[in-house]
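*Asks:* Provide a 3D model corresponding to the input given below.
(chains A and B)
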Amino acid sequence: MKSKGKNEVSIEQMIYDETEKRLVAMADESYEFPPKATAADYIAIGALVGVCVLLVVLCAAGVIV
Amino acid sequence: MASTRNADYIRQETITGVVPMLKGDRQYSFWDLFLSTSGFAIATWCYTQGAYVAQYLSLKQMLINIFCFNIIFVSIECIPVFFAVRYGIDLWVWLRSVLGIKGVAILATVISFANFGWYAVDSQLFASSMINLFKYFGIELSGPVWKPAFGVLCVLLGTLIALGGPDVIKWTSRFLVTALLIVGVIVVGLCFFAVPIGQIAAVKPDLADFENNRLLAFMTTAEGNVAFAFSWSTQALVLPRLCRSERKGYWATSLSYGVVAPFFVAAGGVMALAMFVRTGVYESDPTVMLATLGGPVFSLLSLLMVAFANIGTQGSGSYVNCMIIKSGLPNVSYKLLVWISFFYVSLLTVWGWVMENFASFISLAAYLQGPIIGMIVVDYLIVKKRKLSLKSAYFIKGHDAYRFTGGFNLVGIGVLCISFALGMLFVYNPLTGEAINRGIFYVTTGSGFTAICGGLLYYLASLTPLKKYMLRDRNDLEIV
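*Replies:* Numbering: from 1, shown residues only, chains lettered A, B, ... in the order given. From the prediction side, this is the model:
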């Protein structure tokens, strides 16, 4: 029981250390993040939602039956 | 030897745990993520959903209802995926800043256990389809014996896939999903061939259940589709971190849940209408539908669809939901969680309650997820303005911005409880199916209301002195 407890602590510590190491790497200026989304993505999302809302309104209003 | 073991363990914790993924760890291209997520999204519950919607709407309205409500809500709820990809974390880590660490542990576990209800439906549909299929080939199997047996077999095969982790899921999905998409298209085409489209389009829905109120019927079926869209939300927040770019992660995820899954719901709806023309019954079991409409060849196609889709869904679903639980309970072994989920889903499968109360179940689960979706979108775009203290989210020493009251962010938890209660008491009761305030229900639906209310209340709270409590991380934004 005692050794199991020790093992759990060490696993927790191992995850913590690895996480900390990775966060330090991410904070480094030389770390390259994945390519970012652009305004085009947000415009496409807005347009898609807009068209869908319009179709829903036309159905709800009885224009499309 | 020990260092090799530790390195393996860390690798495992990165892929099947909460350790953030660095650039080199990421395995998924657009197509890998799209196919894996689609594999997860395609299941026979899509047909159950499609048959339900088909009863109350014309063909055109049904297609618009299914695709548009799913696209609207999935597109919005997936926006925070950009963040998940950028930092290689699942969004339950972000939610530590909205709900607190104990709030996440409890809600992640409750929601995952609710999500597992879908997999019990999945395995029961698999079982009944298999029994029907054997029947069409002249082999009569006893339902009480074979239904639980096939159901548990489906859960077991899915569990074995989940134990293999994302790499096995990736390769299983590449083959299965491509095949399933092709089969789905063929099936819809053959469906229209078996029953002319003119006859399918001419079916007049019976609105007696809705006082002959067309708008009430349209919005009640919309409630089902919004709940369906929400059902992916908490699970949608896990896989994208494996992807290599924000754009690919977002579009692969939102197209899978917003277009591919609804395509199979629509296929189920079209088949249900075709079955109604032929037999007078809206059938939701694809095996029965296809065998009736097309004979043994269709039955074999449905075997491919039903068997592979359900097993693939069990595998991806087990992986994703165990990952959600791990975000709240990071020290519990992934394999142990997968096996616990195997026993839990098997138990639900044999019990059968979820399947018998399908509509209530999906709306109730959506009522829990709705406020979380609303809060996380508002938090990401407006309140925290896409900036999180990652070190505080992981409770690194000296970074305590997200150590809230007893482990709970009282604002986030309060907003969740209020939104849930308001939706339940004043808008739509998913247990009875009653629209309490039709004015609001016609605009937002019940599940949509919980999301809008959650987001709005959270935003309003950020305008009050509570802002100081919600935004304690502004001096601790090192990684942006």
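*Asks:* what does chain A have sitting close to chain B?
*Replies:* Residues of chain A that fall close to chain B, judged by CB under 8 Å from any CB of the partner chain: A:8, A:11-12, A:14-16, A:18-20, A:22-23, A:25-27, A:31-38, A:41, A:45, A:48-49, A:52-53, A:55-56, A:59-60, A:62, A:64-65. Where you see a C-beta, it was placed from the backbone N, CA and C, and this is true even at glycine.
*Asks:* Got a PyMOL select line for the buried ones in the residues you listed?
*Replies:* Burial among the residues of chain A next to chain B is assessed by 16 or more other CB atoms under 10 Å in any protein chain shown; the matching PyMOL selection reads:
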select buried, chain A and resi 11+15+16+18+19+22+23+26+34+37+41+45+48+49+52+55+56+59+60
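*Asks:* Mind checking which of the residues of chain A next to chain B are in helices?
*Replies:* A:8, A:11-12, A:14-16, A:18-20, A:22-23, A:25-27, A:41, A:45, A:48-49, A:52-53, A:55-56, A:59-60 (DSSP state H).
*Asks:* Run through the residues that contact B:Lys467.
*Replies:* Shown in contact with B:Lys467 (CB atoms under 8 Å, 6 or more residues apart in numbering or on different chains): B:Ala461.
*Asks:* Now with 10 Å, please.
*Replies:* Taking CB atoms under 10 Å, 6 or more residues apart in numbering or on different chains, we find B:Lys467 in contact with B:Val383, B:Val411, B:Ala461.
*Asks:* what does B:Val345 give?
*Replies:* With CB under 10 Å, 6+ apart, B:Val345 has these contacts: B:113, B:116-120, B:122-123, B:151-152, B:154-156, B:158-159, B:314, B:317-318, B:321.
*Asks:* mind redoing it with 7 Å?
*Replies:* Counting by CB atoms under 7 Å, 6 or more residues apart in numbering or on different chains, B:Val345 touches B:Phe116, B:Tyr119, B:Ala120, B:Ser123, B:Val155.
*Asks:* Serialize those to TSV and add fields for secondary structure.
*Replies:* Listed next are the contacts of B:Val345 as TSV, based on DSSP: H, G, I helix; E, B strand; the rest coil:
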residue	secondary structure
B:Phe116	helix
B:Tyr119	helix
B:Ala120	helix
B:Ser123	helix
B:Val155	helix
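*Asks:* For those residues, pick the one with the most neighbours.
*Replies:* Greatest neighbour count in the contacts of B:Val345, by other CB atoms under 10 Å in any protein chain shown, goes to B:Ser123: 32 neighbours.
*Asks:* Would you confirm that that one contacts B:Gly151?
*Replies:* Yes - if you go by CB atoms under 7 Å, B:Ser123 and B:Gly151 touch, sitting 4.1 Å apart.
*Asks:* Mind listing the shared neighbours of the two?
*Replies:* Taking CB under 7 Å, 6+ apart as the contact rule, B:Ser123 and B:Gly151 both touch B:Thr349.
*Asks:* dump the residue contacts of the residue in chain A that chain B sits nearest to.
*Replies:* Relative to chain B, the nearest point of chain A is A:Cys52 (3.8 Å; CB to the nearest CB). Applying CB under 7 Å, 6+ apart to A:Cys52 gives the contacts B:Cys68, B:Ile71, B:Ile72.
*Asks:* Out of the residues you listed, which is nearest to B:Tyr257?
*Replies:* Here the nearest of the contacts of A:Cys52 to B:Tyr257, counting by CB to CB, is B:Ile71; it sits at 9.4 Å.
*Asks:* Is it correct that the closest one is in contact with B:Ser256?
*Replies:* No - counting by CB under 7 Å, B:Ile71 stays clear of B:Ser256, with 12.0 Å between them.
*Asks:* how much space between the nearest residue to B:Leu160 once chain neighbours are set aside and chain A?
*Replies:* Among residues not flanking B:Leu160 along the chain, B:Gly315 sits closest, at 7.6 Å (CB to CB, 6 or more residues apart in numbering or on different chains). Distance, B:Gly315 to chain A, using CB to the nearest CB, to the nearest Å: 25 Å.
*Asks:* Secondary structure element holding B:Gly315?
*Replies:* Secondary structure assignment for B:Gly315, by DSSP states H and E: helix B:309-328.
*Asks:* Against which helices or strands is that helix packed?
*Replies:* If you count contacts as 3 or more CB pairs under 7 Å, 6 or more residues apart in numbering or on different chains; DSSP states H and E, helix B:309-328 packs onto helix B:30-41, helix B:91-99, helix B:101-136, helix B:143-163, helix B:165-194, helix B:214-236, helix B:334-351.
*Asks:* then the fourth one to PDB, C-alphas only?
*Replies:* In other words, helix B:143-163. Taking C-alpha atoms only, helix B:143-163 is exported to PDB below (Å, rounded to 0.1, in the frame of the first residue of the first chain):
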ATOM      1  CA  GLY B 143     -33.700 -11.500 -28.700                       C
ATOM      2  CA  PRO B 144     -33.400 -11.800 -24.900                       C
ATOM      3  CA  VAL B 145     -30.200 -13.800 -25.400                       C
ATOM      4  CA  TRP B 146     -28.500 -12.300 -28.400                       C
ATOM      5  CA  LYS B 147     -29.500  -8.700 -28.000                       C
ATOM      6  CA  PRO B 148     -27.300  -8.200 -24.800                       C
ATOM      7  CA  ALA B 149     -24.600 -10.500 -26.300                       C
ATOM      8  CA  PHE B 150     -24.300  -8.500 -29.600                       C
ATOM      9  CA  GLY B 151     -24.500  -5.300 -27.600                       C
ATOM     10  CA  VAL B 152     -21.600  -6.200 -25.300                       C
ATOM     11  CA  LEU B 153     -19.600  -7.600 -28.200                       C
ATOM     12  CA  CYS B 154     -19.900  -4.100 -29.900                       C
ATOM     13  CA  VAL B 155     -18.700  -2.400 -26.700                       C
ATOM     14  CA  LEU B 156     -15.800  -4.800 -26.400                       C
ATOM     15  CA  LEU B 157     -14.600  -4.400 -29.900                       C
ATOM     16  CA  GLY B 158     -14.800  -0.600 -29.500                       C
ATOM     17  CA  THR B 159     -12.900  -0.900 -26.300                       C
ATOM     18  CA  LEU B 160     -10.000  -2.800 -28.000                       C
ATOM     19  CA  ILE B 161      -9.800   0.100 -30.600                       C
ATOM     20  CA  ALA B 162      -9.700   2.700 -27.800                       C
ATOM     21  CA  LEU B 163      -7.000   0.800 -26.000                       C
END
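*Asks:* in the chain, which ranges drop under the pLDDT threshold?
*Replies:* Assuming you mean chain A. A:1-12 (pLDDT under 70).
*Asks:* try chain B instead
*Replies:* Within chain B, the segments meeting pLDDT under 70 span B:1-17, B:179, B:235-237, B:299, B:302-304, B:306, B:327, B:359, B:480.
*Asks:* of the contacts of A:Cys52, closest to B:Leu107?
*Replies:* Out of the contacts of A:Cys52, the member with the shortest distance to B:Leu107 (by CB to CB) is B:Ile72, at 24.3 Å.
*Asks:* Understood, closing this out.
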